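> A predicted structure for the sequence below; I have some questions about it.
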Number of protein chains: 2
Amino acid sequence: MLDERKASILRAVVEEYIQTAQPVGSGHVVDAPGVSVSSATVRNEMAALETEGFLAQPHTSAGRIPTEKGYRYFVDALAQPSLDRGSAQQVRAFFDRAHGEIEQMLLDTTRLLTGLTDYAAVVVGPPADVGKVRSVQLVSLTPRVALLVAVLANGVVEKRTVELGDDTDEVVLQGVVDQLAPHAIGQPFAVVADVPAAMDPVTEAVLARVRRAVGTSVDDEADHVFVNGASRISASFEAVETVRSVLTILEQQLVVVSLLRDVVDRGLNVAIGSETGMQPLADCALVVAPYTVDGERVGTVGVLGPTRMNYPQALAAVAVVGQRLGHRLSEG
Amino acid sequence: MLDERKASILRAVVEEYIQTAQPVGSGHVVDAPGVSVSSATVRNEMAALETEGFLAQPHTSAGRIPTEKGYRYFVDALAQPSLDRGSAQQVRAFFDRAHGEIEQMLLDTTRLLTGLTDYAAVVVGPPADVGKVRSVQLVSLTPRVALLVAVLANGVVEKRTVELGDDTDEVVLQGVVDQLAPHAIGQPFAVVADVPAAMDPVTEAVLARVRRAVGTSVDDEADHVFVNGASRISASFEAVETVRSVLTILEQQLVVVSLLRDVVDRGLNVAIGSETGMQPLADCALVVAPYTVDGERVGTVGVLGPTRMNYPQALAAVAVVGQRLGHRLSEG
DNA sequence: GCTGGCACTCGGTAGGATCGAGTGCCAACG
DNA sequence: CGTTGGCACTCGATCCTACCGAGTGCCAGC
């Protein structure tokens, strides 16, 4: 789409702008690799790149800054992911000593990504219906309150408080579990809500409440998203107003989840500015990678930073972390 | 300590400064209640309040702003907590329909506090050793990985991944649980690490790994802190630099926990600026209230905002939420 | 087609004038 | 003697102007 010289100029502008956050003038571009022409020629080319929509001028007589289209071209055609040796080592070390607790691991993974990129990191964990139930248990907390605890094969623990109508003893609860377990084991957690009615009316009364407890919290996808490094957002932007609106988005877990899902569903690994579909993220870019367990896409990792983000680094970090995380989770 | 007129003037300065964030001049104070003297007299009094350390001048010929000492006097002697009708209603509604999941409830409580005050909210949950173990279970995830799940009486679920040395079948795990349960039930979770050795060497091998898994994560206090409304921090300060440093603190859960504990231990319900003991919070104030379950202090709720925060509102909100939360948790 | 040269643009910075909110002080007053 | 109106003074904020310089667009010549 762009001839080689234009591409080199665009690359130079993007790379310098990412570093300095200042509009880039023709004089700075001349000594970039792939550009062995005078600044006057560069000026002509830059003017062309502007009319084609890749660059923009904040005002006449200023340098150029990349547009969304410019970043997009850079990401698609010019940037190649690269991870420095230290970071690669860091990732390896992390996953070598990672152990235990799936949720703790996902949380730690956001820390890893934040540390690697210096941007805010997001990890969306496997939805509840991916893991098959391995164990169901009903634990009495008080005579009128019990806790339903289900352990899934992927290590996730789902729990729901069940408020009992009447004082209920352990024997009844055990009866409920006996009814529940054969139905639920090996199935996704949600099917617990479909457990068939029991003969015994006392058992059935409790079962009804169990169904309700499981059914009410379908919105629990929010439980499985981890965000970290929000403070880095404030390091990325000058305007406190921008910081506020971006942080507000990051606080809404459901929004974050659907944002990531949306981007992944569109087959993108980078969403730049308005491509995110969210007005407050107009100055942000989102780099994501899905991760797979046993060949199935179960979650997403990503980083959120300014549009002028270090794409090669972010792309590499997100890709390798997603891959390693998938491996780690696959082996149990 | 201050005569009535000085107190009225101090109150007027603090209240206006909280609203406007602008230095307050003598002219604005004259028509405050309790001040029926001329601006010249007010000026004299304000100069006195300055030498006594309650007020400060950003520069000659500007109005006065409160010092930490000024805020402290305001909080101790002049501010009386007050919650507007709507907020009181909101709190009542929240705890009436609150149900289920202790952790979910604590998280929702931070949202409530953020909504009430428009400041960042923090809730520290009961430490693991408060809840007595009601149930222990060991669930096999893969042949070499099992999950230890303990349900505590207060509804908290503790879980630890246990990596098994060799392929281990359900029978062995059940044997381990049989050894574990009588020892742990009714005790704090931590004592699981002290389970006595088993006769059977295979069982004992697994037990050893269980002890390790329980013992390694003593730092899990961080698990029980919930922070919400960090975006409000960026609404409270002009300088993006300040926002960044405060957010960085809020992201470190262990720091937040020890900060709250420290403040509560000193018997304070408000920590202003340097009283927090953290340099990055020099421009912040922290309002906290412990909450009790069955008469025992088990956690803390609090809000973090700028030193020029609405103390009457924040004090009232934190106090009533702490109280209601304690009640709610006491009844199970 | 590329390049050096040149006139032009315009944001950013620095200096200077002005404005006004606010102060400290003092003399006068009840 | 505490209070008050008056007054000179201070100093940040705002506005204007001049100026600088990085950068541009264009053009004539190579």
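Perfect, thanks for sending it. Numbering: from 1, shown residues only, chains lettered A, B, ... in the order given.
> contact residues of chain A facing DNA strand C?
A:37, A:38, A:39, A:40, A:41, A:44, A:58, A:59, A:60, A:61, A:62 (Cβ under 7 Å from any atom of the strand). Placement of C-beta: from N, CA and C, glycine included.
> if you set the cut-off to 10 Å instead, what comes out?
Contact residues, chain A versus DNA strand C (Cβ under 10 Å from any atom of the strand): A:3, A:5, A:22-23, A:26, A:30, A:35-45, A:57-62.
> residue boundaries of the helices in the stretch 151-300 of chain A?
Assigned by DSSP state H, counting those that start in this stretch, the stretch 151-300 of chain A shows helices spanning A:170-184, A:201-216, A:230-236, A:240-251, A:253-265.
> tell me the helices and strands packed up against the third one.
Using 3 or more Cβ pairs under 8 Å, 6 or more residues apart in numbering or on different chains; DSSP states H and E as the contact criterion, the secondary-structure elements in contact with helix A:230-236 are strand A:120-124, helix A:240-251, strand A:296-306, helix B:240-251.
> and if we set it to 10 Å?
Judged by 3 or more Cβ pairs under 10 Å, 6 or more residues apart in numbering or on different chains; DSSP states H and E, helix A:230-236 is in contact with helix A:102-117, strand A:120-124, helix A:240-251, strand A:296-306, helix B:230-236, helix B:240-251.
> correct me, but residue A:209 touches residue A:165?
Yes - contact criterion Cβ atoms under 10 Å: residue A:209 and residue A:165 qualify, at 7.2 Å.
> where does the stretch 151-300 of chain A get nearest to DNA strand D, which residue?
For the stretch 151-300 of chain A and DNA strand D, the shortest gap (Cβ to the nearest atom of the strand) falls at residue A:240, measuring 16.8 Å.
> what's near enough to touch the residue nearest to that residue when sequence neighbours are not counted?
Closest residue to residue A:240 apart from its sequence neighbours, by Cβ to Cβ, 6 or more residues apart in numbering or on different chains: residue B:240 at 5.1 Å. By Cβ atoms under 10 Å, 6 or more residues apart in numbering or on different chains, residue B:240 lies in contact with A:233, A:234, A:235, A:236, A:237, A:238, A:239, A:240, A:241, A:242, A:243, B:234.
> and residue B:240, what's its pLDDT?
As predicted, residue B:240 sits at a pLDDT of 92.
> one step back: looking at the helices of the stretch 151-300 of chain A, which one is packed in the most?
helix A:230-236 (a mean of 24; mean count of other Cβ atoms under 10 Å in any protein chain shown).
> spatially nearest residue to residue A:326, not counting backbone neighbours?
residue A:291 (3.8 Å).
> with residue A:107 instead?
Nearest-residue entry for residue A:107: residue A:226, 4.9 Å, with adjacent residues in sequence omitted and distances by Cβ to Cβ, 6+ apart.
> ok, residue A:102 next?
residue A:155 (4.0 Å).
> can you pull out the low-pLDDT segments for the stretch 1-150 of chain A?
The stretch 1-150 of chain A contains residues with pLDDT under 70 at A:100.
> residue numbers of it in contact with DNA strand D?
A:13, A:16, A:20, A:22-29, A:38-48, A:50-51, A:55, A:57, A:59-64.
> could you restrict those to the ones contacting chain B?
For chain B, no contacts are drawn from these by Cβ under 10 Å from any Cβ of the partner chain.
> show me which of those residues are buried.
Buried residues within these, counting neighbours by 16 or more other Cβ atoms under 10 Å in any protein chain shown: A:13, A:16, A:23-26, A:28-29, A:39, A:42, A:45-46, A:55, A:63-64.
> now do the contacts for the nearest residue to residue A:197 once chain neighbours are set aside.
Once flanking residues are discounted, residue A:197 sits nearest to residue A:204: 5.5 Å by Cβ to Cβ, 6+ apart. For residue A:204, the contact set (Cβ under 10 Å, 6+ apart) comprises A:176, A:179, A:196, A:197, A:198.
> you'd agree residue A:58 is in a strand?
No - per DSSP: H, G, I helix; E, B strand; the rest coil, residue A:58 lies outside any strand segment and is coil.
> that one contacts residue A:64, correct?
Yes - with contacts counted by Cβ under 10 Å, residue A:58 reaches residue A:64, the gap being 8.7 Å.
> for residue A:21, phi and psi?
When quoted as degrees, to the nearest 10, the phi and psi of residue A:21 stand at phi 60, psi 10.
> tell me the contacts of the closest residue to DNA strand C within the stretch 101-250 of chain A?
Relative to DNA strand C, the nearest point of the stretch 101-250 of chain A is residue A:238 (11.2 Å; Cβ to the nearest atom of the strand). Residues in contact with residue A:238 (Cβ under 10 Å, 6+ apart) are A:21, B:240.
> next one: the residue nearest to residue A:197 from residue A:167, what distance?
17 Å (Cβ to Cβ, to the nearest Å).
> ok so, going back, quick one, which of the helices of the stretch 151-300 of chain A is nearest to residue B:149?
Nearest to residue B:149, of all the helices of the stretch 151-300 of chain A, is helix A:170-184, at 14.2 Å by Cβ to Cβ.
> could you dump that closest one to PDB, C-alpha only?
C-alpha atoms of helix A:170-184 as PDB (Å, rounded to 0.1, in the frame of the first residue of the first chain):
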ATOM      1  CA  GLU A 170     -26.300 -31.700  58.400                       C
ATOM      2  CA  VAL A 171     -28.200 -34.800  57.500                       C
ATOM      3  CA  VAL A 172     -30.500 -32.900  55.200                       C
ATOM      4  CA  LEU A 173     -27.600 -31.100  53.600                       C
ATOM      5  CA  GLN A 174     -25.900 -34.400  53.000                       C
ATOM      6  CA  GLY A 175     -29.100 -35.600  51.400                       C
ATOM      7  CA  VAL A 176     -29.100 -32.600  49.100                       C
ATOM      8  CA  VAL A 177     -25.500 -33.200  48.100                       C
ATOM      9  CA  ASP A 178     -26.300 -36.800  47.300                       C
ATOM     10  CA  GLN A 179     -29.000 -35.600  45.000                       C
ATOM     11  CA  LEU A 180     -26.700 -32.900  43.500                       C
ATOM     12  CA  ALA A 181     -23.400 -34.700  43.000                       C
ATOM     13  CA  PRO A 182     -24.400 -37.300  40.500                       C
ATOM     14  CA  HIS A 183     -26.200 -34.700  38.400                       C
ATOM     15  CA  ALA A 184     -23.400 -32.100  38.500                       C
END
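> any idea of the angle it forms with helix A:201-216?
50 degrees (axes from the mean of the first three to the mean of the last three Cα atoms, to 10 degrees).
> what segments of the stretch 1-150 of chain A are helices?
Counting by DSSP H, counting those that start in this stretch, the helices of the stretch 1-150 of chain A are A:4-20, A:26-29, A:39-51, A:68-73, A:85-97, A:102-117.
> show me the longest helix that occurs in chain A.
Secondary structure of chain A per DSSP state H: the longest helix is helix A:311-330.
> buried residues in that helix?
Buried, per 16+ other Cβ under 10 Å, within helix A:311-330: A:311-326, A:328-329.
> for stretch A:252-266, C-alpha coordinates in PDB please.
The C-alpha coordinates for stretch A:252-266 follow below in PDB (Å, rounded to 0.1, in the frame of the first residue of the first chain):
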ATOM      1  CA  GLN A 252     -16.100  -1.500  35.400                       C
ATOM      2  CA  GLN A 253     -15.200  -5.200  35.100                       C
ATOM      3  CA  LEU A 254     -18.100  -6.100  32.900                       C
ATOM      4  CA  VAL A 255     -17.100  -3.400  30.500                       C
ATOM      5  CA  VAL A 256     -13.500  -4.600  30.400                       C
ATOM      6  CA  VAL A 257     -14.600  -8.100  29.800                       C
ATOM      7  CA  SER A 258     -16.900  -7.300  26.900                       C
ATOM      8  CA  LEU A 259     -14.300  -4.900  25.500                       C
ATOM      9  CA  LEU A 260     -11.700  -7.600  25.400                       C
ATOM     10  CA  ARG A 261     -14.100 -10.200  24.000                       C
ATOM     11  CA  ASP A 262     -15.200  -7.800  21.400                       C
ATOM     12  CA  VAL A 263     -11.700  -7.000  20.200                       C
ATOM     13  CA  VAL A 264     -10.800 -10.700  20.100                       C
ATOM     14  CA  ASP A 265     -14.000 -11.600  18.300                       C
ATOM     15  CA  ARG A 266     -13.100  -9.200  15.600                       C
END
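> thanks again, I'm all set now.
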